[in-house]
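Peer 1: sequence and predicted model, in that order:
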Amino acid sequence: MALRLFEETEHAAAYMKYRRENHQEVINRMMDFMKQKVQQKFNLAVDVGCGHGKGTMVLAPFFDQVVGIDVSSAQLKMAEDNSLCPNVTYRQCLAEELPFESRQVDLVTAMMAAHWFDRPRFLTEVDRVLKPNGCLALLGFPMDMELEYGNATSVLNNICEEFYAALRPYINPYLASSLSKIYLEMFESCTYPDKEWNDCLRVNRMVTVNSFIGMVETTIGYRKLKLQDAAEAKHLSDDIRNKLLAAMQVSSAEAELTMVVKYFYMFARKP
């Protein structure tokens, strides 16, 4: 069965604040893939596991209608409260039970969400709702972002690895193996002959030290540690923050640096 997480209001708010990944480069590649067979503007895109809706809104210029789907009412409220696009709407439902007629959808996508789905049921449901030449696009990234800041880059990434290593014992067993491996298995199980896989697309994003710390704090591993020992979780974050600032030789946690996100993605076109 699919796993249900990230549903409480406090976690949804943290996602809205810190999980603002720049999917645009992957979206551009996705649209290039779609336009290989169909040139005109598309009618309907469905973003499954849409969360706070930031990724959903990126699709708005390319489609007449975009629908974000999520199981979490807290996430959907966050998305609706911050919606800026008149052609984007949201619905609460399961990824494996999409509320669309057969052969109606031009694109089904899931951004950093498909690993939580019942994958065989989800792929069957995608095949039902997609039009001929409709596309499935799944993307994600491991939570081992790299940091770059002048000559301090190597030291910063040693500190990052210390952060990640402290959280590994708390990672959900479901994700104990490589996250990209889960998506590669979905890619290989997809029967569509026209498909594309990329296991590492490096995308740079400017963030503050606090934003980087906040993003890691939204992960399941950190939240599990916080539930078990809130003081220890805070001590870990504070220690990592202080070490990053010392390595950068700055005093403010609002200082900016480059965060490198390593995307993987699969595109597949229904015959």
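Peer 2: Noted; the coordinates are in hand.
Peer 1: can you map out the helices along the stretch 151-271 of the chain?
Peer 2: 153-167, 179-189, 209-217, 220-228, 230-248 (DSSP state H, counting those that start in this stretch).
Peer 1: now do the buried residues in stretch 73-92.
Peer 2: For stretch 73-92, the neighbour count (16 or more other Cβ atoms under 10 Å) marks 74-76, 78-79, 83, 88, 90 as buried. All C-beta atoms are positioned from the backbone trio N, CA, C, and that covers glycine.
Peer 1: again, but for stretch 165-181
Peer 2: Along stretch 165-181, these residues count as buried under the neighbour rule (16+ other Cβ under 10 Å): 166-167, 170-171, 175, 179-180.
Peer 1: okay, it in PDB with CA atoms only?
Peer 2: What follows is stretch 165-181, C-alpha atoms only, in PDB (Å, rounded to 0.1, in the frame of the first residue of the first chain):
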ATOM      1  CA  ALA A 165      25.500  10.400   8.700                       C
ATOM      2  CA  ALA A 166      23.900  11.400  12.000                       C
ATOM      3  CA  LEU A 167      20.400  11.100  10.500                       C
ATOM      4  CA  ARG A 168      20.900   7.800   8.600                       C
ATOM      5  CA  PRO A 169      19.900   5.600  11.500                       C
ATOM      6  CA  TYR A 170      16.500   7.300  11.600                       C
ATOM      7  CA  ILE A 171      15.800   7.000   7.800                       C
ATOM      8  CA  ASN A 172      12.600   5.100   7.000                       C
ATOM      9  CA  PRO A 173      13.600   1.500   6.200                       C
ATOM     10  CA  TYR A 174      11.600   1.900   3.000                       C
ATOM     11  CA  LEU A 175      14.300   4.200   1.700                       C
ATOM     12  CA  ALA A 176      17.200   2.300   3.000                       C
ATOM     13  CA  SER A 177      18.300   1.500  -0.500                       C
ATOM     14  CA  SER A 178      19.300   4.200  -3.000                       C
ATOM     15  CA  LEU A 179      16.300   6.500  -3.800                       C
ATOM     16  CA  SER A 180      17.300   6.700  -7.500                       C
ATOM     17  CA  LYS A 181      17.200   2.800  -7.600                       C
END
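Peer 1: contacts for that stretch next, please.
Peer 2: Here stretch 165-181 makes contact (Cβ atoms under 8 Å, 6 or more residues apart in numbering) with 3, 115, 140-142, 182, 199, 216, 219-222, 224-225, 228, 236, 264.
Peer 1: among those residues, name the buried ones.
Peer 2: Buried members of the contacts of stretch 165-181, scored by 16+ other Cβ under 10 Å, are 115, 140-141, 182, 216, 219-222, 225, 236, 264.
Peer 1: got JSON lines for these, with distance to Lys131 and pLDDT too?
Peer 2: JSON lines is the format used below for these (distance: Cβ to Cβ, whole Å; pLDDT from 0 to 100):
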{"residue": "His115", "distance to Lys131": "26", "pLDDT": "90"}
{"residue": "Gly140", "distance to Lys131": "25", "pLDDT": "90"}
{"residue": "Phe141", "distance to Lys131": "28", "pLDDT": "88"}
{"residue": "Ile182", "distance to Lys131": "27", "pLDDT": "91"}
{"residue": "Val216", "distance to Lys131": "39", "pLDDT": "92"}
{"residue": "Thr219", "distance to Lys131": "36", "pLDDT": "85"}
{"residue": "Ile220", "distance to Lys131": "35", "pLDDT": "82"}
{"residue": "Gly221", "distance to Lys131": "39", "pLDDT": "88"}
{"residue": "Tyr222", "distance to Lys131": "40", "pLDDT": "91"}
{"residue": "Leu225", "distance to Lys131": "45", "pLDDT": "94"}
{"residue": "Leu236", "distance to Lys131": "48", "pLDDT": "98"}
{"residue": "Phe264", "distance to Lys131": "26", "pLDDT": "95"}
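Peer 1: brilliant, that's me finished.
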